[in-house]
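Student: Next one to model:
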Amino acid sequence: MSEIIKCNASSDLFFVEKYLSAVPDQIAWGSQLVVNEGQEALFVKGGLAVEVYGPGTHTLQSGSSGFAGNIFAGRSPFTGEVWFISKTAKLDLNWGTPQRISLIDPLFNYPVNIGAFGLYGIRIEDSRRFYTQLVGTQSLADSSRIRSYFAGEIVEKLTLILSRRIAAGESIFQINASISEIADAVEAEVSAEFERFGLEVVNFSIKNINLPPEEIKQIQSVMAKRMEMQQLGSVEIGQGYLTAKSMEIMQLAAGNSNGGAGAFVGAAAGMGMGMGAGFPLGMQVAREAASVADDDWERKLIKLKDMFDKNLITEEEYNSKRESIISKI
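Tutor: Prediction:
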């Protein structure tokens, strides 16, 4: 008995759906294939997509289809599968780092664990290639699994881009000022990768790149000690203060990452981490700098010795700063 074959997907977010016939993988001769706008239908035989149908109603009988006429020659029912492919753009899909990316910051020579999240949009351009490369070979027929696969590819490309920039000497605290540039680089890498699956990337963005608040506090402590050492030697702190302010801004950004798209980042599952804002480093360092600026040379020497005794500085650093202070007496 002939039947009406159509897509029953209830969500606009579906990528692919297999038609479930009354008898598994048995299609009656003369059945009506209904393909909606924004869809294509694939006939699959032996794992091969041998026919593609566009929007409209198609009768599966001799003379109506090269696929049906040439392969099955009027036999009913015939064995095969019907897969519906969505051709509409899927916008505002979320991606995020399920686990943080571990790298060494070149400015502080300090290990950092980077989290990031954002949005992307894709459209299936080549249904046959999409089925062959993704659904047929990797059995990713479930749309949620397909989205997870794509998000994983994005994180892989982001890790590659961040690693390149940090290897070139760029600090994580400088990277946040280049999010748009980094997003463009990741989109280019992702587009080339997705093209082989028959996909077009229609939009891509990075909403936030952040560190855990405890790591920011640890780096702030290191930065404060370095700036204190610079003050003891009467060294200009302009660039150091700018770096400190960038850390303060990053901490505030991390503190705001628990809403909206931020729910896709954090912890081991990469979802829903709330970031504390912490104490602004710029205010903290400004107070320390003002306090140190009032010390006379004797108090500087005492403070320097105290830092050395507490193993906050090396003997070489102690001797160098000590000579610098004495030379100015």
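
Student: use CA for all of it now, contacts and neighbours both
Tutor: Fine.

Student: Now stretch 213-229: buried residues?
Tutor: If you call a residue buried by 16 or more other CA atoms under 10 Å, then stretch 213-229 has these buried ones: P213, I216, K217, I219, Q220, M223, A224, K225, R226, M227, E228, M229.

Student: Tell me where the model's unsure across this structure.
Tutor: Along the chain, segments meeting pLDDT under 70 span 1, 61-76, 137-141, 229, 231-297, 329.

Student: tell me which residues of the strand ranked longest in it are tucked away?
Tutor: Scanning the chain for the longest strand, with DSSP state E as the assignment, gives strand 110-124. For strand 110-124, burial by neighbour count (16+ other CA under 10 Å) applies to 112-124.

Student: list the helices and strands the very next helix or strand once past it packs on?
Tutor: Using DSSP states H and E, the next helix or strand after strand 110-124 towards the C-terminus is helix 127-130. Helix 127-130 sits against strand 39-45, with contacts defined as 3 or more CA pairs under 8 Å, 6 or more residues apart in numbering; DSSP states H and E.

Student: what's the following helix or strand past the strand it packs on in contact with?
Tutor: Where DSSP H and E defines the elements, the next helix or strand beyond strand 39-45 is strand 48-53. Identification of contacts with strand 48-53 by CA atoms under 8 Å, 6 or more residues apart in numbering yields V35, E40, A41, L42, F43, V44, F67, R128, Y131, T132.

Student: my guess is K207 is in a strand, correct?
Tutor: Yes: counting by DSSP: H, G, I helix; E, B strand; the rest coil, K207 is located in a strand.

Student: Longest helix in this structure, by number of residues?
Tutor: The single longest helix within the chain, with elements called by DSSP state H, is helix 143-167.

Student: Now the very next helix or strand once past that one: buried residues?
Tutor: Following helix 143-167 in sequence order, the next helix or strand is helix 172-175 (DSSP H and E). If you call a residue buried by 16+ other CA under 10 Å, then helix 172-175 has these buried ones: I172, F173, I175.

Student: Could you dump those residues into TSV with distance to G54 added?
Tutor: Output for the buried residues of helix 172-175, formatted as TSV (distance: CA to CA, whole Å):
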residue	distance to G54
I172	48
F173	50
I175	45
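
Student: Just give me the closest of these to G198.
Tutor: I175 (31.8 Å; CA to CA).

Student: Compute the distance between the closest one and N208, please.
Tutor: From I175 over to N208 the distance is 11 Å, taken as CA to CA, to the nearest Å.

Student: now Q39
Tutor: Noted for Q39: a distance of 34 Å to N208, by CA to CA.

Student: just A116 next, same as before
Tutor: For A116, the distance to N208 - CA to CA - is 5 Å.

Student: now do E317
Tutor: On the measure of CA to CA, E317 and N208 end up 38 Å apart.
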